[in-house]
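> structure of the sequence below:
(one chain, ligands or ions: 1)
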Amino acid sequence: MRLIIAGGGTGGHLFPGIAVAEEFLSRSPENEVLFVGTERGIEARLLPKLGYKLELISASGMKGMGTVKKLMSAGRLLYGYSQSRKILKEFRPDMVLGVGGYASAPILLAAKGMGIRRFIHEQNAFPGLTNKVLSRIVDGIFISMEEAAAFFPKGITQMTGNPIRKEILWGFQEQREREAGDAFRILVFGGSAGAQRINSAMLEALPFLESVKHKLRITHQTGDKDVARVREGYQGQGVQAQVLSFIDNMSAAYGAADLVICRAGATTIAEVTACGKGCVFIPYPYAADDHQRKNAESLVHKGAARMVLEEDLSGERLAAEISDLMEHPEKVAELEKNARFLAQLDAAQAIVAAMTGKG
Ligand SMILES: CC(=O)N[C@H]1[C@@H](OP(=O)(O)OP(=O)(O)OC[C@H]2O[C@@H](n3ccc(=O)[nH]c3=O)[C@H](O)[C@@H]2O)O[C@H](CO)[C@@H](O)[C@@H]1O
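Numbers count the residues shown, from 1 in each chain. Sure, this is the predicted structure:
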């Protein structure tokens, strides 16, 4: 069988798509996958390195734009639609899965016109505009959080969870052991692109952690623009930290962490629950419809994570969260237990089974 996975833009859309590709390809040597994305998306940088086939199309969003930009965007979508028809004619997929992000719209619309089976996957508790619109023209909708069900037609919506890459699941299971001793390991990252606000808050927290800073071992992903500043910040305050613009091996990073401080993107959430990690979420406040806050709240309400809103974020507040969890390992253990309880480990299998009709 042949499957097109369309969408991306950010890691949060793309990585679940990769997890579905892994599952689909593992089922038969005859199966083929083609990704479709845009040249600006993370897919253009990552997929060729991973050995996946990728076609690029033209697409962009319309939300919050003025009339002229909307018209230009409509033009790009129309062009993307004709590119999509060509791709569908050449690859002749049995089905198309949209994983969110602009690139999924033109190809799913073209697939509808050509009578090819269509599905979407929504990662967030509060769906994005693209998926809300596309939900009217697809055969099946897969959701990651119960809260999303209210936005989609009932008969075709299925709760599957958010697919997690095999390397995260396997790698984490292999090296569950944390280093002994009284070191406290914190993984800090700001979604797939990094978060300057979190970078700054961590540096501002260090003076408030003076008495425990010798115990801190930090792994910190900063995004492309902030590596030098953050690295110097830790060095200047004498804190052991590995500072990277992007972490290729997230499995090892999760495995080693006693605590994770991060944004509340949906794929991050799926991974931290799968790895059973205690987290302090700092939701990105400008995500569409404040969906990161809703994502985070769905764990906080179940005692599976803590949350600091950006409006309340300061070095002092972040340091207070860190000290409290450092001093009370039983509180971290409780977060870990509740997080693990929410993990959905078989999302990729459920999605592939539903799309192919084979369990
Ligand atoms: C600003 C914004 O709108 N972000 C959205 C975007 O987040 P974003 O793209 O940041 O995605 P997520 O936080 O959901 O996931 C991040 C992904 O990147 C990976 N990773 C991260 C850092 C790193 O150094 N290396 C690495 O591999 C993580 O393992 C994870 O797989 O898509 C998500 C899923 O639709 C949404 O919930 C987020 O709200």
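
> if you rank every helix and strand of this protein by mean pLDDT, what lands last?
When the helices and strands of the chain are scored by mean pLDDT, DSSP states H and E, helix 166-174 comes last with a mean of 74.

> and the helices in the stretch 201-350 of the chain, which stretches?
In the stretch 201-350 of the chain, the helices defined using DSSP state H, counting those that start in this stretch lie at 227-236, 250-256, 266-274, 291-300, 315-327, 329-342, 347-356.

> now for the third one, which elements pack on it?
The reference is to helix 266-274. Under the contact definition 3 or more Cβ pairs under 8 Å, 6 or more residues apart in numbering; DSSP states H and E, helix 266-274 sits against helix 11-27, helix 166-174, helix 250-256, strand 259-262, helix 291-300, helix 329-342. Placement of C-beta: from N, CA and C, glycine included.

> for the ones you listed, which one sits closest to Phe151?
With Cβ to Cβ as the criterion, Phe151 lies closest to helix 291-300 of the helices and strands packed on helix 266-274, at 11.1 Å.

> still on that earlier bit, of the helices of the stretch 201-350 of the chain, flag the one that's most buried.
Taking mean count of other Cβ atoms under 10 Å as the contact definition, the stretch among the helices of the stretch 201-350 of the chain with the greatest mean neighbour count is helix 266-274, which reaches a mean of 26.

> what does the average pLDDT come to for it?
Helix 266-274 shows an average pLDDT of 95 in the prediction.

> equivalent analysis for stretch 71-84, please.
The average of the pLDDT scores along stretch 71-84 is 86.

> report the distance from it to the chain centre.
Taking Cα atoms, centre = their mean, to the nearest Å, the mean C-alpha location of stretch 71-84 is offset from the chain mean by 26 Å.

> per-residue pLDDT, the spatially closest residue to Asp346 that is not a sequence neighbour?
Spatial nearest neighbour of Asp346, excluding adjacent residues (Cβ to Cβ, 6 or more residues apart in numbering): Gly161 at 7.3 Å. Looking at Gly161, its pLDDT is 95.

> can you tell me the SS state at Gly161?
Here Gly161 takes the coil state, with states given by DSSP: H, G, I helix; E, B strand; the rest coil.

> next one: it from Gly113, what distance?
If you measure Gly161 against Gly113 using Cβ to Cβ, to the nearest Å, the figure is 31 Å.

> neighbour count winner among these two?
Neighbours around Gly161 and Gly113, counted as other Cβ atoms under 10 Å, are more numerous at Gly161. The numbers are 25 against 13.

> for Pro163, grab phi and psi.
With angles defined as degrees, to the nearest 10, Pro163 sits at phi -60, psi 140.

> one step back: for the helices and strands packed on helix 266-274, which one sits closest to Met355?
helix 11-27 (8.1 Å).

> which other helices and strands contact that closest one?
Applying 3+ Cβ pairs under 8 Å, 6+ apart, one finds that helix 11-27 contacts strand 2-6, strand 32-37, helix 42-50, strand 117-122, helix 266-274, helix 347-356.

> among the ones you listed, which is nearest the ligand?
Taking Cβ to the nearest ligand atom as the criterion, helix 266-274 is the member of the helices and strands packed on helix 11-27 that comes nearest to the ligand, at 3.2 Å.

> just want the angle from the closest one to helix 11-27.
Following axes from the mean of the first three to the mean of the last three Cα atoms, to 10 degrees, one obtains 60 degrees for the angle between helix 266-274 and helix 11-27.

> hang on, Arg165 packs against Glu22?
Yes: shown here, Arg165 and Glu22 form a contact pair, counting by Cβ atoms under 8 Å, at 6.7 Å.

> mind listing the shared neighbours of these two?
With contacts defined as Cβ atoms under 8 Å, 6 or more residues apart in numbering, no residue is adjacent to both Arg165 and Glu22.

> of these two, who's got more company?
Arg165 (23 against 18).

> ok, now how distant is the residue of the stretch 251-359 of the chain found nearest the ligand from Asn295?
As assessed by Cβ to the nearest ligand atom, the ligand sits closest to Gly265 within the stretch 251-359 of the chain, at 2.0 Å. With distances defined as Cβ to Cβ, the gap from Gly265 to Asn295 amounts to 7 Å.

> distance to Val99 for the helices and strands packed on helix 11-27 - can I get that in JSON lines?
Formatted as JSON lines, the entries for the helices and strands packed on helix 11-27 read as follows, by distance: least, Cβ to Cβ, whole Å:
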{"stretch": "strand 2-6", "distance to Val99": "6"}
{"stretch": "strand 32-37", "distance to Val99": "9"}
{"stretch": "helix 42-50", "distance to Val99": "10"}
{"stretch": "strand 117-122", "distance to Val99": "5"}
{"stretch": "helix 266-274", "distance to Val99": "10"}
{"stretch": "helix 347-356", "distance to Val99": "10"}
